[in-house]
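Asker: build me a model from this:
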Amino acid sequence: MTTNWKLRDVPADLRARYLADRHWADDTFADFIAREVATAPRLPFRVWSDTHPFSGTTGGLYAQSLRIATGLAQRGIGVGDVVAYQLPNWAEAVSIIWAGFRLGAVMVPIVHFYGASEVEFILKQSGARLLVTVDRFGHVDHAENLCAIQGRLPALEHVVVVPSGTPGAALAGAVALEALLEAPPFSGKPDIDPDRPAMVGYTSGTTASPKGVVHTHRSLLFETRQLAAINAGSGRPPFVASPLAHMTGFLAANLMPVYRHEPIHLTDRWDPGRALEIMVEADIALGGGATIFLTSLLDHPSFGRRHAELIQSVGLGGSPVPAAVAERAERLGIKIVRAYGSTEHPSITGARPDEPQAKRNRTDGRALEAVEIRIVDAEERDLPAGQPGEIWSRGPDLFAGYTDPALTARVMTRDGWYRTGDVGVLDADGWLTITDRLSDVIIRGGLNLSAAEIEEALMRMPAVAECAVVAAPHERFGERACGVLRVRPGQQPPDLAAVQAHLGAVGLPKQKWIEELRIVGDFPRTPSGKIRKFLLRAELRNPS
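Answerer: Numbering: from 1, shown residues only. Below you'll find the model as predicted:
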């Protein structure tokens with residue numbers, strides 16, 4: 001099916017401004033990828049994988065994508081048709097994305113470890129006509145999962161399988177990717193409207209229900225150029241582990257290096273020890289992403305001076321970046337650049353490595369080019385610097401709406417502002433600090449407690465590698481703060497008394513102390529590495 005989602009109306013004055021300032025061009029991804037790859041076709045493209053390695057060039061991969069585009073076109077895929085893919089960070093994933101863009105299709109990424117229920121929801125909700133999937137990866141038999149739901153997906157007409165070498169269940173009517181590669185290179189020039197959808201990213205699950213976030217060619221191409229201009233890295237090619245099915249990986253491992261004419265290095269499985277070896281072998285740097293990618297390297301016994309020299313500076317976002325982590329990295333000579341955004345508005349604020357350390361480490365940056373932010377109270381009145389409130393944002397990279405228009409209406413204002421649901425405060429210089437999500441505020445007997453403030457204090461305990469503070473039910477107060485801690489390797493887990501003593505020592509009043517403690521080996525996470533707090537809260541409310 002072709003897309004018929006009701007997209008939000010961009011106010012006329014904003015549209016005119018974005019076009020006049022050339023934040024929006026008439027480019028489409030078909031034009032963009034063809035032009036940028038032709039400019040630097042010999043750039044290395046490498047996938048570091050124990051089971052599915054690849055070494056080639058961007059030009060070679062693009063040539064492959066053109067044959068795949070013809071194979072898709074022969075199966076009726078054209079402008080506006082929805083193509084979903086569920087693949088690890090393999091070369092085939094990039095060639096599928098580029099092939100779909102060449103045809104003007106709408107790409108729908110599905111994270112490679114999602115199970116049958118999540119896949120069914122996304123395929124139904126998006127109306128995908130074609131799915132490209134791996135038969136098996138790791139412990140997940142994707143073919144078996146698809147067999148279980150295939151009969152409930154009337155819009156899904158075609159399934160293309162990328163073989164893993166350890167095949168899963170037989171899929172009725174599926175074809176192997178090699179069948180598409182037998183076609184000649186695509187030479188057509190579809191009429192693609194840059195204002196129409198290019199990609200639908202499904203929110204990665206910090207809330208229970210994923211939402212289909214629609215981005216156009218205009219919004220994503222502006223985001224690509226803007227993110228590339230920040231240049232938060234070390235100057236070496238980035239090593240990216242964020243999934244290509246998540247906005248971070250989709251940009252950092254696919255679009256941004258193509259625009260910056262950089263080699264592309266991906267991995268399909270995050271192993272900190274192996275990552276450190278690869279960085280030295282290939283002379284590459286950590287490509288940023290969620291905080292867990294950096295901290296897992298710093299905590300590894302093999303981490304040394306050479307790795308710090310390779311990283312130099314790294315952009316972190318997509319999950320909280322405690323000041324304690326930033327200060328630890330700075331002591332090792334690694335500059336931290338914090339950023340703030342979401343699937344709906346990928347880059348709202350950020351900083352550069354040459355800006356003041358205190359601002360980089362303790363705030364989430366300033367509004368990026370052409371982006372506007374407001375801090376408002378519960379009555380939607382603007383608040384002055386220094387007072388926390390809900391963050392509203394708008395800019396050329398803001399999404400075009402959800403696939404469900406009712407959800408769009410809840411978060412968008414008539415004049416184009418996006419209600420983020422996050423709480424933050426602006427300082428006098430315009431630097432933003434995220435203090436909470438509205439859903440993360442713990443209400444203890446009428447007193448609002450900031451989970452972020454307590455987490456920041458907990459991260460100053462030497463034994464704590466990572467933490468999350470969530471609301472636990474309480475008979476008298478309604479809610480109380482529960483601290484969930486992951487301890488550094490080799491460290492003794494603290495007990496509740498020790499944690500409370502630490503919180504008192506760093507200056508938190510007793511009302512803000514955690515009253516319940518859990519120790520975990522790891523957290524439930526989104527594909528980008530965020531902690532799924534809603535699952536922690538659910539476990540506290542419904543203990544097994």
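
Asker: when you work out contacts or count neighbours from here on, use the C-alpha atoms and nothing else.
Answerer: OK.

Asker: which SSE is immediately downstream of whichever helix or strand R35 is part of?
Answerer: Following DSSP states H and E, the helix or strand that holds R35 is helix 29-39. Using DSSP H and E, the helix or strand that follows helix 29-39 towards the C-terminus is strand 44-48.

Asker: just checking, what packs against that next one?
Answerer: Under the contact definition 3 or more Cα pairs under 8 Å, 6 or more residues apart in numbering; DSSP states H and E, strand 44-48 sits against strand 54-57, strand 264-267.

Asker: quick one: mean pLDDT over the last one.
Answerer: The average of the pLDDT scores along strand 264-267 is 96.

Asker: pairing partners for it, with directions?
Answerer: strand 44-48 (parallel), strand 238-240 (parallel) (DSSP bridges).

Asker: try the first one
Answerer: Using DSSP bridges, the neighbouring strands of strand 54-57 in the sheet come out as strand 44-48 (antiparallel).

Asker: could I get the CA-only coordinates of the strand it pairs with as CSV?
Answerer: Extracted in CSV, the C-alpha atoms of strand 44-48 (Å, rounded to 0.1, in the frame of the first residue of the first chain):
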residue,chain,number,x,y,z
PRO,A,44,35.9,2.0,2.8
PHE,A,45,32.7,0.3,4.1
ARG,A,46,33.3,-2.4,6.7
VAL,A,47,31.2,-4.5,9.0
TRP,A,48,33.0,-6.0,11.9
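
Asker: what segments of the stretch 151-300 of the chain are strands?
Answerer: 158-162, 175-176, 197-202, 212-216, 238-240, 264-267, 285-286 (DSSP state E, counting those that start in this stretch).

Asker: could you dump those strands to TSV with distance to P109 and mean neighbour count?
Answerer: Shown next, in TSV, are the strands of the stretch 151-300 of the chain (distance: least, Cα to Cα, whole Å; neighbours: other Cα atoms under 10 Å):
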stretch	distance to P109	mean neighbour count
strand 158-162	14	21
strand 175-176	19	16
strand 197-202	6	26
strand 212-216	10	24
strand 238-240	17	26
strand 264-267	17	26
strand 285-286	23	28
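
Asker: what's the closest of those to I373?
Answerer: Closest to I373 of the strands of the stretch 151-300 of the chain is strand 212-216 (Cα to Cα; 19.7 Å).

Asker: relative to E379, which of the strands of the stretch 151-300 of the chain is closest?
Answerer: So among the strands of the stretch 151-300 of the chain, strand 212-216 is nearest, using Cα to Cα, at 26.7 Å.

Asker: angle of that closest one against strand 197-202?
Answerer: Inter-element angle recorded for strand 212-216 and strand 197-202: 160 degrees (by axes from the mean of the first three to the mean of the last three Cα atoms, to 10 degrees).

Asker: other SSEs contacting strand 212-216?
Answerer: helix 116-126, strand 197-202, strand 401-402.

Asker: reformat those as JSON lines; add distance to I96 and mean pLDDT.
Answerer: Output for these, formatted as JSON lines (distance: least, Cα to Cα, whole Å; pLDDT from 0 to 100):
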{"stretch": "helix 116-126", "distance to I96": "17", "mean pLDDT": "91"}
{"stretch": "strand 197-202", "distance to I96": "13", "mean pLDDT": "96"}
{"stretch": "strand 401-402", "distance to I96": "24", "mean pLDDT": "96"}
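
Asker: in JSON lines: the ones you listed, plus distance to F54.
Answerer: Listed next are these as JSON lines, based on distance: least, Cα to Cα, whole Å:
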{"stretch": "helix 116-126", "distance to F54": "27"}
{"stretch": "strand 197-202", "distance to F54": "25"}
{"stretch": "strand 401-402", "distance to F54": "35"}
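
Asker: between those, which gets nearest to Q74?
Answerer: strand 197-202 (20.4 Å).

Asker: so, low pLDDT: which residues of the stretch 1-150 of the chain?
Answerer: Counting by pLDDT under 70, the stretch 1-150 of the chain shows low-confidence ranges at 1-3.

Asker: cutoff 80 now
Answerer: Applying pLDDT under 80 to the stretch 1-150 of the chain flags the ranges 1-4.

Asker: Serialize the helices and strands packed on strand 44-48 to JSON lines and add fields for distance to F250.
Answerer: What follows is the helices and strands packed on strand 44-48, written out as JSON lines (distance: least, Cα to Cα, whole Å):
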{"stretch": "strand 54-57", "distance to F250": "18"}
{"stretch": "strand 264-267", "distance to F250": "11"}
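
Asker: ok, which of the ones you listed comes nearest V487?
Answerer: Across the helices and strands packed on strand 44-48, V487 has its closest neighbour in strand 264-267 (25.9 Å, Cα to Cα).

Asker: now that closest one - C-alpha only, CSV.
Answerer: Taking only C-alpha atoms (Å, rounded to 0.1, in the frame of the first residue of the first chain), the coordinates of strand 264-267 have been written out as CSV:
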residue,chain,number,x,y,z
ILE,A,264,31.9,3.5,7.5
HIS,A,265,32.6,1.0,10.3
LEU,A,266,29.8,-1.0,11.8
THR,A,267,29.4,-3.8,14.2
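
Asker: how far out from the middle of the chain is it?
Answerer: Using Cα atoms, centre = their mean, to the nearest Å, the mean C-alpha position of strand 264-267 is found 16 Å from that of the whole chain.

Asker: how about stretch 123-130?
Answerer: 21 Å.

Asker: contact partners of it?
Answerer: 1, 3, 77, 81-84, 108, 153, 155-160, 212, 403 (Cα atoms under 8 Å, 6 or more residues apart in numbering).

Asker: repeat that for stretch 7-21.
Answerer: 24-25, 396, 400-403, 405, 408, 414-416.

Asker: with neighbour count and distance to C147 added, can I get those residues in CSV?
Answerer: Below are the contacts of stretch 7-21 laid out as CSV (neighbours: other Cα atoms under 10 Å; distance: Cα to Cα, whole Å):
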residue, neighbour count, distance to C147
W24, 22, 42
A25, 16, 42
P396, 25, 41
A400, 25, 33
G401, 26, 32
Y402, 24, 28
T403, 21, 26
P405, 13, 31
T408, 19, 33
R414, 11, 44
D415, 13, 45
G416, 19, 42
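
Asker: switch the residues you listed over to a markdown table; also include distance to G188.
Answerer: Shown next, in a markdown table, are the contacts of stretch 7-21 (distance: Cα to Cα, whole Å):
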| residue | distance to G188 |
| --- | --- |
| W24 | 25 |
| A25 | 22 |
| P396 | 29 |
| A400 | 27 |
| G401 | 30 |
| Y402 | 30 |
| T403 | 29 |
| P405 | 33 |
| T408 | 35 |
| R414 | 39 |
| D415 | 39 |
| G416 | 36 |
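
Asker: among those, which pair sits farthest apart?
Answerer: The most widely separated members of these, counting by Cα to Cα, are A25 and P405 (26.0 Å).

Asker: and for A40, nearest residue in space, chain neighbours not counted?
Answerer: H261 (6.3 Å; Cα to Cα, 6 or more residues apart in numbering).

Asker: contacting residues around that neighbour?
Answerer: Contacts of H261 (Cα under 8 Å, 6+ apart): 36, 40, 43.

Asker: dump the residue contacts of the residue nearest to V258 when sequence neighbours are not counted.
Answerer: Nearest residue to V258, sequence neighbours excluded (Cα to Cα, 6+ apart): E36, at 6.2 Å. Contact partners of E36, counting by Cα under 8 Å, 6+ apart, are 258-259, 261.

Asker: rerun that using 10 Å as the cut-off
Answerer: Taking Cα atoms under 10 Å, 6 or more residues apart in numbering, we find E36 in contact with 58-59, 255, 257-261.

Asker: and those, which are buried?
Answerer: Neighbour counting with 16 or more other Cα atoms under 10 Å marks 58-59, 255, 257-259, 261 as buried within the contacts of E36.

Asker: could you dump those residues to JSON lines with distance to F121?
Answerer: Formatted as JSON lines, the buried ones among the contacts of E36 follow (distance: Cα to Cα, whole Å):
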{"residue": "T58", "distance to F121": "33"}
{"residue": "G59", "distance to F121": "35"}
{"residue": "L255", "distance to F121": "27"}
{"residue": "P257", "distance to F121": "31"}
{"residue": "V258", "distance to F121": "32"}
{"residue": "Y259", "distance to F121": "33"}
{"residue": "H261", "distance to F121": "36"}
